[in-house]
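Enquirer: My questions concern the predicted model and sequence given below.
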Amino acid sequence: MPVNIWPCTPQSSQRLRAFQSSRYFPARYSQRGHEVSQIWLEAVKGIHAFAGRDFIAIHSLSNYVGPEERQLKQLSRQKRNRFGRMAAIVGKLGRGIPNAVWTFPDRVAKTWLRGSAWLNRARDRERALRAFRQINSGDFTVTLDNLSKIPIFSEQFEEVPALVLYFACVLNVLHSHLRNHKIEFVLEIGPGEGVLAIALHQLFGWRFVFVDLPEVAAITFAMISYYAPDAIVVLPHEVEQINFQSKADFVLLVPEQVGLIPDCSVDLAINMASFQEMTYSLIARYFGLIERSLKPGGFFYCLNETKFMRHRNGEQIEFGKFPWSPLFRDLFCEEFPYWTAFRGYQRQHRLQMKGSIEKTGCS
């Protein structure tokens, strides 16, 4: 896992250190006041954030690349431009060559060889671009032409094009369905780096409350501090010192603080690719939070794998078996086309409204 350096102000660095020394950032996993799936108990052991004087160093599962490493990679690309051109040409072949051929050097050497990595990266970029063009062919908020208008997308596009286009597809889905509705306050459960939320805030001014593990909240804070330096951010240990309904742009909470979210205060709730990694009992708790906190007529967007089978105890978590509430009605429920076109396996996404509208397209 890489170590990335994210510049920040000395004040932001001090605030992160205060959060990490607070009771909301337990030193031992047994001290947590909430249930955590085994997948994430293992994952957070490799997530660390160090706050320097004017930077935050992150060692994590994040795919996003800090400014210093981006500069090094750019220099490396310039020195290897001949190989880069070859990789780009090979990448155009896309699905024309079986996956087993691309990964053969890695499987033989039991490692990630540089040449094979470049070829796979070129192939994945081309597949991602093809999938995005295929799906986003009409009048959308984010296209390949205007990607640069969103800094967190444009700066990361060369490093993680598939993820950038994934979030761009989600943003287009949300905007196309919600643009005629007033969205002010959004709850996102498991935002990770906060990429989608930062983009939505910069484009439409939406304000967010996040719920995530404290180790992940440190990454989110680093990303917001860098990409949205003027945003008002409240860390978990600071929430009790302010009026929760203040005009903060981002409020970060750890799971044991979800009781602070007022009833019927949220216009939109979002979960992407984290319910699948929980137990059914934990999923049910978050569905209860969503049902309680959403306003009448509010929306719930859920995007997760159709069937998640990577729990160590062998448990399978299925999208169709989430505890969907009868108080919500579907705007749509379908396969998420970008992920299938790019990765070849299914994720489902579902947009619901709290209230009574006609149910459509979902079993």
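Expert: It's in. Numbering: from 1, shown residues only.
Enquirer: List the buried residues in stretch 235-252.
Expert: 235-239, 244, 248-252 (16 or more other Cβ atoms under 10 Å). In this view, the C-beta of every residue, glycine as well, is placed from N, C-alpha and C.
Enquirer: Same check on stretch 59-69?
Expert: 60-62, 64-66.
Enquirer: Narrow the residues you listed to those in strands?
Expert: Using DSSP state E, no member of those falls within strands.
Enquirer: what's the farthest-apart pair in those?
Expert: Maximum pairwise distance among the buried residues of stretch 59-69 (Cβ to Cβ): 14.5 Å, between Leu61 and Gly66.
Enquirer: and the gap between Asp267 and Val209?
Expert: In this view, Asp267 and Val209 are 11 Å apart by Cβ to Cβ, to the nearest Å.
Enquirer: Then Leu252?
Expert: 8 Å.
Enquirer: Now do the strands in the protein.
Expert: So, for the chain - with DSSP E - the strands run 3-7, 48-51, 55-59, 185-189, 207-211, 233-234, 250-253, 266-272, 294-305, 307-308, 317-318, 328-335, 347-354.
Enquirer: Can you lay out the ones you listed as CSV showing mean pLDDT and distance to Val160?
Expert: Shown next, in CSV, are the strands of the chain (pLDDT from 0 to 100; distance: least, Cβ to Cβ, whole Å):
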stretch, mean pLDDT, distance to Val160
strand 3-7, 90, 12
strand 48-51, 92, 20
strand 55-59, 92, 15
strand 185-189, 97, 19
strand 207-211, 97, 21
strand 233-234, 96, 23
strand 250-253, 96, 22
strand 266-272, 97, 16
strand 294-305, 96, 18
strand 307-308, 92, 22
strand 317-318, 96, 25
strand 328-335, 95, 23
strand 347-354, 96, 17
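Enquirer: Now render those as TSV, adding distance to Arg17.
Expert: TSV is the format used below for these (distance: least, Cβ to Cβ, whole Å):
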stretch	distance to Arg17
strand 3-7	15
strand 48-51	5
strand 55-59	10
strand 185-189	25
strand 207-211	20
strand 233-234	15
strand 250-253	15
strand 266-272	29
strand 294-305	34
strand 307-308	35
strand 317-318	36
strand 328-335	41
strand 347-354	37
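Enquirer: Surely Leu147 is in contact with Ser154?
Expert: Yes - using Cβ atoms under 8 Å, Leu147 makes contact with Ser154 at a distance of 5.7 Å.
Enquirer: Any idea how many residues pack against the closest residue to Thr143 other than its chain neighbours?
Expert: Ranked by Cβ to Cβ, 6 or more residues apart in numbering and with sequence neighbours excluded, the top spatial neighbour of Thr143 is Asn136, at 6.3 Å. Neighbourhood size, Asn136 [other Cβ atoms under 10 Å]: 20.
Enquirer: Tell me who's in contact with Asn136.
Expert: Neighbour list for Asn136: 142-143, 168-169, 172 [criterion: Cβ atoms under 8 Å, 6 or more residues apart in numbering].
Enquirer: Of the residues you listed, which is the most crowded?
Expert: Neighbour counts for those peak at Ala168, which has 26 neighbours (criterion: other Cβ under 10 Å).
Enquirer: Quickly note the distance from that residue to Leu200.
Expert: 11 Å.
Enquirer: same check, this time on His34
Expert: 26 Å.
Enquirer: can you check Val164 too?
Expert: From Val164 across to Leu200, the span is 14 Å (Cβ to Cβ).
Enquirer: what do you get for Arg123?
Expert: 30 Å.
Enquirer: which of these two has more neighbours?
Expert: Leu200 (25 against 21).
Enquirer: so how many other residues sit close to the closest residue to that one other than its chain neighbours?
Expert: Nearest residue to Leu200 in three dimensions, chain neighbours excluded: Trp206, at 4.9 Å (Cβ to Cβ, 6+ apart). A total of 19 residues lie near Trp206 under the criterion other Cβ under 10 Å.
Enquirer: and if you look at His175?
Expert: Under the neighbour criterion other Cβ under 10 Å, His175 is assigned a count of 16.
Enquirer: do the same with Glu35
Expert: 11.
Enquirer: going forward can the numbers begin at 26, since that is how I track them
Expert: Let's use 26 as the start, then, which means that last one is Glu60.
Enquirer: Name the nearest residue to it, sequence neighbours excluded.
Expert: Here the residue nearest Glu60, using Cβ to Cβ, 6+ apart, is Leu307, at 5.1 Å.
Enquirer: where do the helices sit along the protein?
Expert: Per DSSP state H, the chain carries helices over the ranges 35-45, 63-68, 92-104, 106-116, 124-127, 129-134, 139-160, 176-179, 186-203, 220-229, 239-252, 305-318, 362-368.
Enquirer: for those helices, which one ends up most surrounded?
Expert: Between the helices of the chain, helix 239-252 has the highest mean count of neighbours, a mean of 24, where neighbours are mean count of other Cβ atoms under 10 Å.
Enquirer: what's that one packed up against?
Expert: strand 28-32, helix 35-45, strand 73-76, strand 80-84, helix 176-179, helix 220-229, strand 258-259, strand 275-278 (3 or more Cβ pairs under 8 Å, 6 or more residues apart in numbering; DSSP states H and E).
Enquirer: contact partners of the fourth one?
Expert: Counting contacts by Cβ under 8 Å, 6+ apart, the residues outside strand 80-84 that touch it are 26-33, 37-38, 41, 71-76, 91, 243-244, 246-247, 250.
Enquirer: average pLDDT across stretch 96-114?
Expert: Average pLDDT, stretch 96-114: 60.
Enquirer: and stretch 163-170, how far apart are its ends?
Expert: Stretch 163-170 stretches 13 Å from its first residue to its last (Cα to Cα, to the nearest Å).
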